[in-house]
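**Q** Predicted model, plus sequence, below.
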Amino acid sequence: MPAPRRNVELKATDPDPERSLKVVQGLGADDRGVLHQRDTYFRVPSGRLKLREEEPGGASLVQYDRVDAAEARESRYRLVPISDPLETRLALEASLGTLAVVEKDRHLLLWNGVRIHLDAVVGLGSFIELEGVADDGSNLLGELERVTQLTEALEIAPERILRTSYSDQVLGFDALIDAARNVMERAHAPYSRFHVGAALRAEDGSIHAGANVENAAYPQGQCAEASAIGALVAAGRKRVTEAAVIAGGDAVCVPCGGCRQRLREFMDLDGIVHLCNASGAHEEVTLRSLLPRSFGPEFLPE
């Protein structure tokens, strides 16, 4: 079996697409025009699988594995040309299920072996993606150097870099609740037998989840929200835009007082918290409604 193709990839939000275009044109990038792409992502146990339908151009099935990290990172991928995209999409939808659909207009430019994508993604906004395409046997150092050069020329600040794919971002609160539900099943709750899962969406769209972890010395236990916050911080994120909490009981799960204050540290008061139970009941509330007259970092002296 042939080895997968490889590239060094970085994706970031783009607050000024016109400036980005001028910068890369000033560097001598070869302008290949604008493509319209429709990517259908399918549910798979590992990696990502999508059908890309492109105009102008054709269709291809893309399977890839990439670590979610807020930096330039290696992506391994396989491309399979597809002659009948409609039938292929219907077959994969029937057998695997559709995860998400992403539509975008992509302005493609090429610079020293790096594909520059200036993307306008439906429902998400403007982004820039850099792909340093690697030759067989490359150690990826040259590709990383060229992607880094473009990152510096475009003045892409670290906080703008995305960890995840567009598909992760177009998924609504269902993905957040699913993440909380999945981690709830792995909770360590031998004493209360009350299993809780929490999932937090960071500003870049990435999801970070945690379960409650009990201890025989009861005060040493940890709530699911605290576990999720720890995962979010460990991943280099500092802000929460949306949260979901779920428990195995019949009533929707409401964060305890301590966890409301924990969320207050990282979340705006108008942020949405989804309160869920195991059977699918779901309420949306704001953190403000859960924590009236709250105390936050802004009350501390400078």
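**A** Sure thing, it's come through.
**Q** For stretch 93-104, which outside residues touch it?
**A** 36-44, 49, 119-122, 166-168, 170-171 (C-beta atoms under 8 Å, 6 or more residues apart in numbering). For glycine as for every other residue, the C-beta is placed from the backbone atoms N, C-alpha and C.
**Q** can you give me how far it is from the chain middle?
**A** 16 Å (C-alpha atoms, centre = their mean, to the nearest Å).
**Q** In helices, which of the contacts of stretch 93-104 fall?
**A** Using DSSP state H, 166-168, 170 are the members of the contacts of stretch 93-104 that sit in helices.
**Q** What's the PyMOL syntax to select whichever of those residues are buried?
**A** The following PyMOL command selects only the buried members of these, with burial defined by 16 or more other C-beta atoms under 10 Å:
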select buried, resi 166+167+168+170
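**Q** Tell me the one among the ones in helices among the contacts of stretch 93-104 nearest to Met267.
**A** Of all those, Asp168 has the smallest distance to Met267: 19.3 Å, by C-beta to C-beta.
**Q** how far away is the closest one from Ala179?
**A** 10 Å (C-beta to C-beta, to the nearest Å).
**Q** List the residues that are in contact with both of these two.
**A** With C-beta under 8 Å, 6+ apart applied, the overlap between the contact sets of Asp168 and Ala179 consists of Ile207.
**Q** And the helices in the stretch 1-150 of the chain, which stretches?
**A** Listed in chain order, the helices found in the stretch 1-150 of the chain under DSSP state H, counting those that start in this stretch are 17-26, 85-95, 141-153.
**Q** export the ones you listed to a markdown table and tack on distance to His282?
**A** Rendered in a markdown table, the data for the helices of the stretch 1-150 of the chain read as follows (distance: least, C-beta to C-beta, whole Å):
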| stretch | distance to His282 |
| --- | --- |
| helix 17-26 | 36 |
| helix 85-95 | 25 |
| helix 141-153 | 40 |
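**Q** who wins for proximity to Ala187 among those?
**A** The closest of those to Ala187 is helix 85-95. By C-beta to C-beta, the value is 31.7 Å.
**Q** Now do the strands in the stretch 151-300 of the chain.
**A** Secondary structure of the stretch 151-300 of the chain, counting by DSSP state E, counting those that start in this stretch: strands at 196-202, 207-211, 240-247, 267-277, 282-286.
**Q** domains for this structure, by residue range?
**A** The chain is divided into the following domains under automatic domain parsing: 5-170, 173-299.
**Q** Let me have these in a markdown table, extended by mean pLDDT.
**A** Putting these into a markdown table (pLDDT from 0 to 100) gives the following:
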| stretch | mean pLDDT |
| --- | --- |
| domain 5-170 | 93 |
| domain 173-299 | 92 |
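**Q** coming back round to it: can you say which of the strands of the stretch 151-300 of the chain is nearest to Arg186?
**A** Arg186 lies closest, by C-beta to C-beta, to one member of the strands of the stretch 151-300 of the chain: strand 207-211, at 5.5 Å.
**Q** Just checking: what are the partner strands of the closest one?
**A** In its sheet, strand 207-211 lies beside strand 196-202 (antiparallel), with partners assigned from DSSP bridges.
**Q** got the angle for the strand it pairs with vs strand 240-247?
**A** Using axes from the mean of the first three to the mean of the last three C-alpha atoms, to 10 degrees, the direction of strand 196-202 lies 170 degrees away from that of strand 240-247.
**Q** Can you get me a residue count around Pro292?
**A** Summarising burial for Pro292: neighbours were counted as other C-beta atoms under 10 Å, giving 7.
**Q** What separation is there between it and Arg201?
**A** With the distance defined as C-beta to C-beta, Pro292 ends up 23 Å from Arg201.
**Q** Need the nearest residue in space to Ala134, chain neighbours excluded.
**A** Closest residue in space to Ala134, ignoring its immediate chain neighbours: Arg6 at 4.4 Å, by C-beta to C-beta, 6 or more residues apart in numbering.
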